[in-house]
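J.: Predicted coordinates and the sequence they were generated for:
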Amino acid sequence: MYGRHSPGLLLYINDIIQKFVDCVNTITQFSLVCTNGLFMNDKHLYFPGYVIREVFDSSPHYEKFLVTAQNDPSRWFLLEALTKDIALTNEVRQVFEVACHEQARVRIPGIVPVYEIGASEQYGTFVTFPFDETFLSLFDFSGMQKSGGLKVTPNFYASIILDAARILDAAHRQNLAHYTVMPTSIIVRPDGTVNVCHFIEAAMRRRYYLASGFDDKLNAPEWRQNETVGSYSDIYALSAFLYLLLTEQYQPDETEPQWFSMGDILIESDIHDDAVLPLMSFFHATLATSPSRRLSNYPQLIRALADLLTVLGPYVAPQERQSVLQNYFEPFPGDAGQISRDLCKPGIAINDPKLHFVSDTQHPSTLTPITSDNTLFPDEAIVHKAPPRQISISIDDASERNIMEDTLVSSVSQSRTHDSRERIIHHSSSNYRFQSPMAKASVQTVPLAVLSRSRYQVLEELGSGGSGSVYKVLDTTLSEVVALKILKPSLVSDPVWLLRFKNEMRLTRDIDHTYILPAYHLEQLEGVYFFTMKYINGKNLAQILQKGPLPLQKALLLLKQIGQSLQTAHQHGIIHRDFKPANIMIETESFHPWLTDFGIASLSDAPLNAPETLGVGTPYYMSPEQARGDELQTTSDIYSFGVVAYECLTHILPFNGSTPMAVYQAVMEGQFHPIRDIAPLVPHAVSNIIEQCLFSEALIRPQNMKAILDVLGRFA
């Protein structure tokens with residue numbers, strides 16, 4: 001019908017070609033917008049301002065996409081929204097909006113900032129985050145390790161977990177909670193830095209107990225049982241991840257046989273011998289079934305991990321991680337060289353002004369408020385420092401008049417209701433205690449005339465301290481030499497000190513042990529309180545150590561013997577609370593040790609944190625929790641035993657300072673020279689167990705004296 005060169009034919013052919021091109025374009029656009037079964041009919045792809053490039057880690061509850069900016073294809077973002085079915089539920093949608101705003105308010109290194117909170121007609125609220133490079137999650141590390149593709153040391157993984165704990169702590173301080181950390185929630189970027197993500201998903205999981213898609217074993221027991229979760233749940237999860245990375249096995253529950261063979265599992269995982277016991281202590285303190293027996297907050301976990309790195313190896317910095325992992329990251333989609341790096345400039349834009357957002361919402365009731373009780377080690381980079389506070393510190397020496405002023409910075413752990421009291425440091429007895437300045441000024445000489453009218457004849461003064469004096473006396477009724485301790489008359493009217501004095505006598509009278517100095521009789525005469533006890537012809541350990549270090553074998557035997565006395569006290573429910581060389585008497589001829597001075601000891605189930613008992617102890621030998629005035633357990637005595645043992649073996653103190661507060665700061669920093677660096681002849685097992693006693697976190701020290709005595713018994 002048409003000629004070879006007919007214009008109509010050319011128009012017809014051109015029309016067919018154009019229709020074919022349009023069809024190809026339609027198919028191409030259809031392929032771009034058809035993701036996860038969703039059919040979209042415009043280039044905006046349901047999310048204004050963004051073009052979807054690929055589906056990213058979607059789940060039954062969320063849609064996640066890798067997108068680029070519509071006006072700049074080089075700018076990549078991670079876009080997150082609820083699935084269309086869930087987004088139709090107003091309550092769920094509102095909770096999601098609140099969670100997005102909770103994270104948007106937070107500016108913390110290690111948490112990718114929210115770039116935009118937007119609105120889609122089909123999906124409702126969506127949120128975008130800058131996404132400019134690939135990453136590796138702990139889930140990836142586990143897979144690479146099992147396949148043999150990655151070989152790193154235990155301190156490598158512990159350093160990553162430590163960084164994650166610091167980020168979670170910083171987020172918690174800004175009221176952004178997680179509590180449901182998963183293996184994909186902790187990621188490492190190509191520069192070696194750690195990020196924590198999935199805070200929005202965590203808020204949804206806490207509210208609706210949504211499944212994570214991971215093995216339920218990695219969740220804390222309280223999560224598995226649909227009970228209240230908290231920071232202790234994240235502590236469990238982080239510890240479970242570390243256990244998995246170190247052993248390539250799931251963490252055991254306390255009811256499983258593997259709980260009791262954890263040491264063997266760690267040894268089989270090529271953990272060096274020095275680190276096995278500290279790791280066991282750490283896992284027992286973080287994987288306990290009951291949250292009440294677990295480390296309870298992030299600062300405690302941070303301190304425990306820092307202590308753990310002293311035996312696992314040095315902290316692995318991001319730069320070192322970068323060099324180790326540089327070949328494991330997959331190429332970033334698109335031309336990474338053209339991607340804009342100005343993506344961390346946060347700006348929250350609401351594209352749909354008609355969309356309602358909930359603002360100024362309260363966090364869920366499950367969020368544990370941050371107080372001085374559960375924040376022990378504030379991160380100075382995050383928490384604003386309080387203004388300096390003046391504390392009057394009096395030194396009680398022979399003249400009873402030396403007073404000095406010291407300016408201290410108040411920390412969260414010091415911000416307690418009793419801080420307004422005047423703290424008195426008794427130098428002569430090296431005790432911390434609270435006492436009225438008026439009572440202190442009224443201290444008088446012990447009325448020896450009263451004793452002259454008793455059955456006891458004073459032979460000589462053996463020593464004196466802040467609470468009283470000790471004399472060598474002759475019991476004229478029994479014709480026996482005994483020691484007699486008198487409570488200062490100025491303290492008799494103080495019911496707390498009088499009760500302590502009586503308790504000391506009762507405790508040492510009721511415990512019959514080879515190495516605990518026995519008490520005999522408590523008496524009161526003309527307002528003077530005193531009791532008698534066994535007289536020891538010798539010196540205390542502090543006096544002996546002043547003359548030089550003890551021979552190694554002698555020191556080990558002494559520590560074993562005096563450790564047995566401490567173990568017996570603990571078995572009777574007694575915490576000594578002032579275990580130090582000055583309270584260990586040594587007989588001159590037999591070198592037989594006696595543990596003395598239970599004056600500030602208390603039953604372990606008694607309330608120990610009353611204002612009048614706060615800070616009682618000796619600075620050099622006092623546990624960190626005792627210095628803070630926290631409730632004490634027997635692990636406080638174990639810390640003091642570690643300091644005494646360290647001094648006996650090395651002839652120096654692990655922590656020192658020119659003032660009591662300087663000592664306390666040194667203790668909190670937890671840095672000391674390894675025992676074998678000073679005394680290389682000390683058995684390796686002995687140095688290891690003694691250094692564990694010095695951990696600043698009580699829950700990762702040996703939990704009883706038996707563990708220590710078992711080691712000492714092999715060499716003494």
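T.: Alright, I've got the coordinates.

J.: The longest strand anywhere in the chain pairs with which strands, and in what direction?
T.: Longest strand in the chain by number of residues (criterion: DSSP state E): strand 72-82. According to DSSP bridges, strand 72-82 has the following sheet partners: strand 62-69 (antiparallel), strand 124-130 (antiparallel).

J.: what's downstream of that strand, the next helix or strand?
T.: As assigned by DSSP states H and E, the chain's next helix or strand after strand 72-82 is helix 84-87.

J.: Could you identify the helix or strand that succeeds that next one?
T.: By DSSP H and E, the next helix or strand past helix 84-87 is helix 90-104.

J.: Alpha carbons only: can I get the helix or strand just after that next one in PDB?
T.: For helix 90-104, the succeeding helix or strand toward the C-terminus, using DSSP H and E, is strand 116-120. Below are the C-alpha coordinates for strand 116-120, written out as PDB (Å, rounded to 0.1, in the frame of the first residue of the first chain):
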ATOM      1  CA  GLU A 116      15.100  12.900  58.100                       C
ATOM      2  CA  ILE A 117      11.800  11.800  59.400                       C
ATOM      3  CA  GLY A 118       9.300  11.900  56.600                       C
ATOM      4  CA  ALA A 119       5.900  10.800  55.600                       C
ATOM      5  CA  SER A 120       4.700   8.500  52.800                       C
END
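
J.: List the neighbouring strands of strand 116-120 plus their orientation.
T.: Strand 116-120 is paired, per DSSP bridges, with strand 124-130 (antiparallel).

J.: Other residues contacting the strand it pairs with?
T.: The contact list for strand 124-130 (C-beta atoms under 8 Å, 6 or more residues apart in numbering) reads 47, 50, 67, 76-82, 87, 93, 96-97, 100, 103-104, 112-120, 200, 343-344, 355, 357. Every residue, glycine included, has its C-beta placed from N, CA and C.

J.: The same query, at a cut-off of 6 Å, please.
T.: 47, 77-81, 87, 93, 96-97, 100, 112, 114-118, 120, 343-344 (C-beta atoms under 6 Å, 6 or more residues apart in numbering).

J.: now stretch 272-282
T.: By C-beta under 6 Å, 6+ apart, stretch 272-282 touches 262-263, 266, 304, 308, 311-312, 688, 692, 700.

J.: Can you say which of these are buried?
T.: Neighbour-count burial (16 or more other C-beta atoms under 10 Å) applied to the contacts of stretch 272-282 gives 262, 266, 304, 308, 311-312, 688, 692, 700.

J.: Poorly predicted segments of the stretch 601-716 of the chain, please.
T.: 601-618, 658-661 (pLDDT under 70).

J.: just the strands in it please.
T.: Counting by DSSP state E, counting those that start in this stretch, the stretch 601-716 of the chain has these strands, from start to end: 602-603.

J.: got a pLDDT number for Gln310?
T.: Wrong residue type there; residue 310 is Thr, not Gln. pLDDT, Thr310: 89.

J.: packing partners for whichever strand or helix holds it?
T.: Assessed by DSSP H and E, Thr310 sits inside helix 298-312. Judged by 3 or more C-beta pairs under 6 Å, 6 or more residues apart in numbering; DSSP states H and E, helix 298-312 is in contact with helix 154-173, helix 273-286.

J.: Out of those helices, flag the one nearest Pro489.
T.: helix 273-286 (46.1 Å; C-beta to C-beta).

J.: pLDDT below threshold where in this structure?
T.: Using pLDDT under 70, the chain drops low at 1-45, 57-60, 209-215, 332-447, 466, 599, 601-618, 658-661.

J.: Ignoring the adjacent residues along the chain, who's closest to Asn688?
T.: The shortest distance from Asn688 to any non-neighbouring residue, by C-beta to C-beta, 6 or more residues apart in numbering, is to Asp274 (5.5 Å).

J.: rewinding a little: separate out the buried members of the contacts of strand 124-130.
T.: Applying 16+ other C-beta under 10 Å to the contacts of strand 124-130 flags 47, 77-81, 87, 93, 96-97, 100, 112, 114-118, 120, 343 as buried.

J.: Near the closest residue to Val67 other than its chain neighbours, how many residues? Count them for me, please.
T.: For Val67, ignoring the flanking residues on the chain, the nearest one in space by C-beta to C-beta, 6+ apart is Tyr50 at 4.1 Å. By other C-beta atoms under 10 Å, 23 other residues sit near Tyr50.

J.: Contacts only, for Gln122.
T.: Shown in contact with Gln122 (C-beta under 6 Å, 6+ apart): Tyr46.

J.: so which helix or strand takes in it?
T.: Counting by DSSP H and E, Gln122 is found in no helix or strand.

J.: Quick check: the gap between it and Pro551.
T.: 82 Å (C-beta to C-beta, to the nearest Å).

J.: likewise Gln692?
T.: 24 Å.

J.: With Ile160 instead?
T.: 45 Å.

J.: Looking at these two, which is more packed in?
T.: Between Ile160 and Pro551, counted using other C-beta under 10 Å, Ile160 has the larger neighbour count: 25 against 9.

J.: what sits against that one?
T.: Contacts for Ile160 (C-beta under 6 Å, 6+ apart) come out as Val194.

J.: which residue is nearest the middle of the chain?
T.: Gln300 (1.5 Å; C-alpha atoms, centre = their mean).

J.: contacting residues for Phe65?
T.: 52, 56, 79.

J.: Tell me the one of these nearest Ser185?
T.: The closest of those, once distances to Ser185 are taken by C-beta to C-beta, is Phe56, at 15.0 Å.

J.: My guess is that closest one contacts Glu63. True?
T.: No. With contact defined as C-beta atoms under 6 Å, Phe56 does not reach Glu63; the gap is 9.1 Å.
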